[in-house]
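> Structure of the sequence below:
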Amino acid sequence: MNFDVPKITVLMPAYNAGKYIGEAIESVLQQTFTDFELLIVNDGSTDDTADVIRSFTDPRIVMIHQDNKGVAQALNNGLKYARAPYIARFDADDVCHIERLQLQYDFMISNPDYSIIGSAADYMDMEGTYLFTSTPPALNNEHIQQLEHSVCPFIHSTVFYKKEVILKAGGYNEHAYTYEDHFLWVNILKDQKACNFSQPLIKLRLNPESITIDEKWRPRRFLEIKYSTLKSRNITSHEGNLLAEIGEKQYSPKIKQGSYYALCAKKLLINNYHPQKARLHMARAICVSPLRLDNYLLYTISYLPEKLIAWLHKISSGGHYND
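Residues are numbered from 1 along each chain as shown. Modelled structure (predicted):
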């Protein structure tokens, strides 16, 4: 093993992730594939994130610091310091399946014409309880290339890609507030081969502190800008400032918490039919945001038969704005 030039850089941005990052780091260190560096970009955390990272003594862990500039800049900063030719994206509150790196590395070596590979993911709540399994919207390259611009082809924490391809494309666009990954894919996939594994390779944690809230809670103006920029594959600094302004207004514990409970309820109802558990989460969402009528609607729908709920979801998902 050569620690000077690792085969893989696991790139992990971290902001106030002290509650979960220890488990995330452990899941990387326990990988069956061992020739990697774990590059953690501490994005101006104000909690004990840095202390938790420093509590590990494994020489493969590298921590760099930056002022709180957001995930896109943290990723771009990490790409500059990454030593390996392959990047495995990973978030500080998620958990890697033990063979994740080995499977993705072996595929990339055996299929050098591919530049990006992702996978399905098991979603869990903030306590680590399983919620549902999410399969990407397309698995093979042909189907990925046929996706509408509005559909994100990858679950970001699962992706494994060639660093040079991302750097050549200019990295993550820092104006694409909360969808910097989706914006990157629409700009590079036309020239690159990609695929997704059907099996889950990570456990992805939903939690109220997450930067991304359920899209159903975004105002229409935010979604209009998002999908128009994805369609044009271009975003201006003015549009980025508008997105950030809208997003920062929503960045409150109340909205985050309400969105979290509503999203857990929706997934428990639609993806993993547990109506009683879903109603418990909806009741919490209603307590947080009693004026949101869609919370009451979802609570009522939870009493319908599973097949009818699935049919209603299929119809409602046919519009422009996707989950």
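> any idea how the protein splits into domains?
Here the domain parsing of the chain from automatic domain parsing is 8-205, 215-316.
> What segments of this protein are helices?
Under the criterion DSSP state H, helices of the chain are mapped to 21-29, 49-54, 71-81, 100-110, 141-145, 163-168, 180-188, 220-232, 237-250, 253-270, 275-288, 293-301, 306-316.
> closest to residue 205 out of these?
When the helices of the chain are compared by CB to CB, helix 21-29 sits nearest residue 205, at 8.8 Å. Bear in mind the C-beta positions are built from the backbone N, C-alpha and C, glycine included.
> Now the closest one: average pLDDT?
For helix 21-29, the mean pLDDT works out to 98.
> List the buried residues in it.
21-25, 27-29 (16 or more other CB atoms under 10 Å).
> Also stretch 163-171?
Under the neighbour-count criterion of 16+ other CB under 10 Å, stretch 163-171 has 163, 166, 171 buried.
> pLDDT and distance to residue 201 added to the residues you listed, as a markdown table?
Shown next, in a markdown table, are those (pLDDT from 0 to 100; distance: CB to CB, whole Å):
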| residue | pLDDT | distance to residue 201 |
| --- | --- | --- |
| 163 | 98 | 19 |
| 166 | 97 | 19 |
| 171 | 96 | 23 |
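> Can you pull out the low-pLDDT segments for the stretch 1-150 of the chain?
1-3 (pLDDT under 70).
> quick one, strands of it?
8-14, 36-43, 61-66, 86-89, 95-96, 114-124, 130-134 (DSSP state E, counting those that start in this stretch).
> what's the most buried one of these?
strand 8-14 (a mean of 26; mean count of other CB atoms under 10 Å).
> burial count for residue 151?
Residues within reach of residue 151, counting by other CB atoms under 10 Å, total 16.
> Over to residue 256?
Neighbours of residue 256 (other CB under 10 Å): 20.
> Tell me if I'm right that it and residue 247 touch.
No: taking contacts as CB atoms under 8 Å, residue 256 lies outside contact range of residue 247: 11.4 Å.
> that older thread, for the helices of the chain, please prepare a markdown table with the additional fields distance to residue 135.
Output for these, formatted as a markdown table (distance: least, CB to CB, whole Å):
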| stretch | distance to residue 135 |
| --- | --- |
| helix 21-29 | 21 |
| helix 49-54 | 31 |
| helix 71-81 | 24 |
| helix 100-110 | 16 |
| helix 141-145 | 12 |
| helix 163-168 | 24 |
| helix 180-188 | 17 |
| helix 220-232 | 21 |
| helix 237-250 | 28 |
| helix 253-270 | 13 |
| helix 275-288 | 20 |
| helix 293-301 | 22 |
| helix 306-316 | 15 |
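> give the contact list for the closest residue in space to residue 235 that isn't next to it in sequence.
Among residues not flanking residue 235 along the chain, residue 229 sits closest, at 4.1 Å (CB to CB, 6 or more residues apart in numbering). By CB atoms under 8 Å, 6 or more residues apart in numbering, the contact list for residue 229 reads 176, 183, 235, 239.
> From residue 200, how far off is the first one?
From residue 176 over to residue 200 the distance is 26 Å, taken as CB to CB, to the nearest Å.
> Please apply the same query to the second one.
From residue 183 over to residue 200 the distance is 25 Å, taken as CB to CB.
> Looking at those two, which is more packed in?
Between residue 183 and residue 200, counted using other CB under 10 Å, the more crowded position is residue 183 (23 against 19).
> doesn't residue 228 make contact with the more buried one?
No: the criterion here is CB under 8 Å, and residue 183 misses it with residue 228 at 11.8 Å.
> Of the helices of the chain, which is nearest residue 87?
helix 163-168 (5.1 Å).
> OK, contacts around the closest residue to residue 75 other than its chain neighbours?
The shortest distance from residue 75 to any non-neighbouring residue, by CB to CB, 6+ apart, is to residue 172 (5.0 Å). Taking CB under 8 Å, 6+ apart, we find residue 172 in contact with 72, 75-76, 166, 180-181, 183-184.
> how much space between residue 172 and residue 160?
16 Å.
> returning to what we had before: out of the buried residues of helix 21-29, which one sits closest to residue 119?
So of the buried residues of helix 21-29, ranked by how close each gets to residue 119 (CB to CB), first place is residue 27, at 14.5 Å.
> which one is residue 7 nearest to, not counting chain neighbours?
residue 35 is the one closest to residue 7 (CB to CB, 6+ apart), at 4.5 Å.
> Just to check, residue 205 is in contact with residue 20?
Yes: assessed by CB under 8 Å, residue 205 is found in contact with residue 20 at 6.4 Å.
> Who has more neighbours out of those two?
Legend: neighbour count by other CB under 10 Å for residue 205 and residue 20, higher for residue 205 (25 against 21).
> returning to that earlier point: and residue 12, which of the helices of the chain is closest to it?
helix 21-29 (7.0 Å).
> Can you tell me which helices and strands that closest one packs against?
Here helix 21-29 touches strand 8-14, strand 36-43, helix 49-54, strand 95-96, going by 3 or more CB pairs under 8 Å, 6 or more residues apart in numbering; DSSP states H and E.
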